[in-house]
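**Q** Just to be clear, the model below is a prediction. Sequence and coordinates:
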Amino acid sequence: MQEENATQRRVAAHAQAKTFKVAAVQMASGPNVPANLSEARRLIEKAVDQGARLVVLPEYFPIMGLNDTDKLAVREQPGSGAIQTFLSETAREHKIWLVGGSIPLVADAPDKMRNACLVYDDKGEQVARYDKIHLFNLELGNERYHEGRTIEAGEQVVVVDSPFGRIGLAICYDLRFPELFRAMHDVNIIVLPSAFTETTGKMHWEILVRARAIENLAYVVAAGQGGYHINGRETHGNSMIVDPWGRVLDRLPRGSGVVVAEIDPSYHASLRASLPALSHRTLTSC
């Protein structure tokens, strides 16, 4: 009963909140970490200039190496390192909540890494960490990806309370597993840093992003890598912000840039009141 009452209070408070802007940053990162951080800084500033208070960076924003193992060379210990310092200082400088896409952190296995999404508040404090649970594996024509060779999978679903409501964290390939998002329970915003391949992205990306928004009656902020990379890889891009009704509010098909949209908590609450599908669930094992 106490948990139910707390949820009701949280929903009521969110419904009365003012509108605010969120942004998704799209990049075409390369192997040079300082250069990628510089480009991320430029794009974050562009988002802030447009009024964004919550900014989401793409997966692997600090490095897309020439080889899969290049990420291992720039792994950081939790709480220290140039990439984490950049995220903390940038969030504090601009007084924004910053979702650090994903960065390589050390793993238990010495020859692997954790693909970690870090969230910083407007004071520059890290308030959440999510390690990618689902690891991408594709063998299609000349394209072969086996993330499990270099990445140690996470195990925990992560949701963080914020001034913007409850934010659920996911990364790229997680998008294909709806049970992950159901396990988040009543989130207002889902953030999805990604580096979707062009091969799969052109067929599945938008459909899946909009589906996750609709079925969870949540906003989705999907920030992708988008373009050609020095390592020869092509990522799909098409970063977008989708509302709980499945409408694409803003998108960027290709190249570096930002997408920005306004989130309206009262509109969100009215949709959930009109179509209370989340309360109609009967199969709740997931």
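**A** Structure's in. What do you need?
**Q** In the longest helix seen in the chain, which residues are buried?
**A** Longest helix in the chain by number of residues, with DSSP state H as the criterion: helix 198-216. Across helix 198-216, burial judged by 16 or more other Cβ atoms under 10 Å covers 198, 200-201, 204-206, 208-214, 216. Just so you know, the C-beta spots here come from the backbone N, C-alpha and C atoms, and that holds for glycine as well.
**Q** want to try a markdown table for those residues, with distance to residue 67 and pLDDT as columns?
**A** What follows is the buried residues of helix 198-216, written out as a markdown table (distance: Cβ to Cβ, whole Å; pLDDT from 0 to 100):
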| residue | distance to residue 67 | pLDDT |
| --- | --- | --- |
| 198 | 19 | 92 |
| 200 | 21 | 91 |
| 201 | 22 | 90 |
| 204 | 26 | 96 |
| 205 | 25 | 97 |
| 206 | 30 | 98 |
| 208 | 28 | 98 |
| 209 | 29 | 98 |
| 210 | 34 | 98 |
| 211 | 33 | 98 |
| 212 | 31 | 98 |
| 213 | 35 | 98 |
| 214 | 38 | 97 |
| 216 | 36 | 97 |
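**Q** is it possible to export the residues you listed to TSV including distance to residue 68?
**A** Shown next, in TSV, are those (distance: Cβ to Cβ, whole Å):
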residue	distance to residue 68
198	18
200	17
201	19
204	22
205	22
206	27
208	24
209	25
210	30
211	29
212	27
213	31
214	34
216	32
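**Q** Stretch 172-191 - what's its average pLDDT?
**A** Throughout stretch 172-191, pLDDT has a mean value of 96.
**Q** Same check on stretch 148-156?
**A** Average pLDDT, stretch 148-156: 95.
**Q** What of stretch 114-121?
**A** 98.
**Q** Endpoints of stretch 97-116, how far apart?
**A** Counting by Cα to Cα, to the nearest Å, you get 17 Å between the two ends of stretch 97-116.
**Q** Give me the buried stretch members for that stretch, please.
**A** Within stretch 97-116, the residues scored as buried using 16+ other Cβ under 10 Å are 97-107, 112-116.
**Q** Can you pick out the most distant pair from those residues?
**A** Across the buried residues of stretch 97-116, the longest distance by Cβ to Cβ is 29.2 Å; it joins 97 and 112.
**Q** Please save the CA atoms from stretch 214-224 in CSV.
**A** The C-alpha coordinates for stretch 214-224 follow below in CSV (Å, rounded to 0.1, in the frame of the first residue of the first chain):
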residue,chain,number,x,y,z
ILE,A,214,3.7,3.3,-27.5
GLU,A,215,3.6,0.1,-25.4
ASN,A,216,5.1,1.9,-22.4
LEU,A,217,3.3,5.1,-22.9
ALA,A,218,6.6,6.9,-22.4
TYR,A,219,8.7,9.4,-24.2
VAL,A,220,11.8,7.9,-25.9
VAL,A,221,14.9,9.9,-26.5
ALA,A,222,17.0,7.8,-29.0
ALA,A,223,20.5,9.2,-29.6
GLY,A,224,22.5,7.4,-32.3
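**Q** Residue 155 and residue 130 touch, don't they?
**A** No - using Cβ atoms under 8 Å as the test, residue 155 is too far from residue 130 to be in contact (10.6 Å).
**Q** And for the longest helix of the chain, what's in contact with it?
**A** Under the contact criterion Cβ atoms under 8 Å, 6 or more residues apart in numbering, helix 198-216 has outside partners 138, 140-141, 143, 175-176, 178, 181-182, 184, 187, 190, 192, 194, 196, 218-220, 222, 224, 234-238, 240, 242-246, 248, 277-278.
**Q** Helices - which of those residues land there?
**A** Counting by DSSP H, the part of these found in helices is 178, 181-182.
**Q** Most neighbours among those residues, which one?
**A** Among these, residue 181 has the most neighbours (other Cβ atoms under 10 Å), with 24 neighbours.
**Q** right, and that residue touches residue 192 too?
**A** No - if you go by Cβ under 8 Å, residue 181 and residue 192 don't touch, sitting 9.8 Å apart.
**Q** Give the residues shared as contacts by the two.
**A** 170, 212.
**Q** Next, the contact list for the residue positioned nearest the centre of the chain, please.
**A** Against the mean C-alpha coordinate of the chain, by Cα atoms, centre = their mean, the closest residue is residue 192 at 2.7 Å. By Cβ under 8 Å, 6+ apart, the contact set of residue 192 is 56, 170-172, 174-175, 209, 212, 220-223.
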